[in-house]
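Undergrad: Pasting the sequence and the predicted model now:
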Amino acid sequence: MEPDVEHLRWHRPPALKNPVVLAAFTGWNDAGDAASTALKTLIETSGAEPLAEIDPEPFTDFATVRPLLRLDENGSRNIIWPTVGVWSASLPGTDVVMVLGPEPALRWRTFTEQITAVAQRVGAPMVITLGALLADVPHTRPVHVIGTASDDTLMERYDLERSRYEGPTGIVGVIQDSLSRAGFPGASLWAAVPGYASQIPSPKAALALVERVCEMMGTPAPTADLADEAADYDARVEALISDDDDLVIHIEQLEEIVDEMDGDEDTSGPIDLEESIHLLDEVEQFLRDHDGDS
């Protein structure tokens, strides 16, 4: 059955060669704004051009995700609606289509049909969704990025895990299910953000997502700006915890757990999270316990 795509507006024909589709959404799937920042960084650094957009009217609760009022250079008032945008770019080694916007509040099955239609129209060989979640991880260690897939070929090629999660899900999980049923191989990357720093945007987690997704696509990662912002992030978190002795002790305990899981006192290198079934279980339990909490 052909998807209902009446809400998908194309700006131009997609002249692309086997582009990878990337998707991220603000809201429940976006702890520390990490996933949306990662994709926004790729859009801004790649010279991406608008390709399409999804009409927000059927899918958005505007009382929750409000439109913005802007004044142009002539002083005229304009409403900027919270639209899910679609951009395209040609990166070294691959073309890419990027979908970014607020998580829809309504009609998720119809919304996912729009995303599936994008993948079908551009002939995507793979769809990668980006997400971020709050977890018991310390900010002083490398960011954990969990990669999952349901396709055996993708799991072997990119060293991904088969997700065993059961429980509440966001639009990322629904999109992955819809694309899988439509025959598109898909992977999902999740960055773990420290729960005690939930109110601080995490360019450090965004950087980890950018590096991992670019590695999968075989293209250089634009890391310069995010790397600079990550240093400021560490300073902000340190200022947050400096006066809380209990929190300092808690973070030290988390560091011990992560170091033990890594099996090496030298934590300067990346931690291979895919090998850690224990931390995957922690993440899954977190999602079960925090339905509706971003």
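TA: Good, I have the coordinates.
Undergrad: the helices in this structure, which residues?
TA: Secondary structure of the chain by DSSP state H: the helices cover 34-45, 108-122, 152-158, 171-181, 203-217, 224-241, 245-262, 277-289.
Undergrad: neighbouring contacts of the second one?
TA: Contacting residues not belonging to helix 108-122 are listed as 3-5, 7-8, 10, 14, 16, 19, 21, 23, 52, 54, 58-59, 86, 88, 97, 99, 104, 124, 127, 171, 174-175, 178-179, 182, 184 [Cβ atoms under 8 Å, 6 or more residues apart in numbering]. All C-beta spots, glycine's among them, are computed from the backbone N, C-alpha and C.
Undergrad: what about 7 Å?
TA: 3-5, 7-8, 14, 16, 19, 21, 23, 52, 54, 58-59, 86, 97, 99, 104, 127, 171, 174-175, 178-179, 182, 184 (Cβ atoms under 7 Å, 6 or more residues apart in numbering).
Undergrad: re earlier: which of the helices of the chain sits closest to residue 135?
TA: Closest approach to residue 135 among the helices of the chain (Cβ to Cβ): helix 277-289, 5.6 Å.
Undergrad: returning to what we had before: and the buried ones among the contacts of helix 108-122, selectable in PyMOL?
TA: A single PyMOL command selects the buried members of the contacts of helix 108-122 (16 or more other Cβ atoms under 10 Å):
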select buried, resi 3+5+7+8+14+16+19+21+23+52+54+59+86+97+99+104+127+171+174+175+178+179+182+184
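Undergrad: Looking at the contacts of helix 108-122, which are in strands?
TA: Cross-referencing these against strands under DSSP state E gives 8, 21, 23, 52, 54, 86, 97, 99, 127.
Undergrad: okay if I get the residues you listed as CSV plus distance to residue 34?
TA: Shown next, in CSV, are those (distance: Cβ to Cβ, whole Å):
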residue, distance to residue 34
8, 27
21, 19
23, 14
52, 25
54, 22
86, 21
97, 21
99, 17
127, 19
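Undergrad: For the nearest residue to residue 134 once chain neighbours are set aside, list the residues it contacts.
TA: If you skip the residues right next to it in sequence, residue 134 has residue 195 as its closest partner in space, 4.2 Å away by Cβ to Cβ, 6 or more residues apart in numbering. By Cβ under 7 Å, 6+ apart, the residues touching residue 195 are 134-136.
Undergrad: Roughly how far does residue 195 sit from residue 173?
TA: Distance, residue 195 to residue 173, by Cβ to Cβ, to the nearest Å: 20 Å.
Undergrad: got it, and residue 165?
TA: Distance from residue 165 to residue 173, by Cβ to Cβ: 8 Å.
Undergrad: Tell me the confidence at the residue most central in space within the chain?
TA: The centre of the chain sits closest to residue 130, judged by Cα atoms, centre = their mean, with a distance of 2.5 Å. Looking at residue 130, its pLDDT stands at 97.
Undergrad: Over to the one 3 residues further on?
TA: In the predicted model, residue 133 carries a pLDDT score of 93.
Undergrad: Not counting sequence-adjacent ones, nearest residue to it?
TA: The nearest residue in space to residue 133 (Cβ to Cβ, 6+ apart) is residue 31, at 5.1 Å.
Undergrad: The one you found and residue 131 touch, don't they?
TA: No: Residue 31 is not in contact with residue 131 according to Cβ atoms under 7 Å; the separation is 8.3 Å.
Undergrad: pLDDT weak spots in the stretch 51-200 of the chain?
TA: The stretch 51-200 of the chain contains no residues with pLDDT under 70.
Undergrad: circling back to that earlier point, mind checking which of residue 165 and residue 173 has more residues around it?
TA: Taking neighbours as other Cβ atoms under 10 Å, residue 165 and residue 173 compare with residue 173 leading, 18 against 15.
Undergrad: Nearest residue to the more buried one in space, please, no chain neighbours.
TA: For residue 173, the spatially nearest residue (Cβ to Cβ, 6+ apart) is residue 188, at 7.8 Å.
Undergrad: Brilliant, that's me finished.
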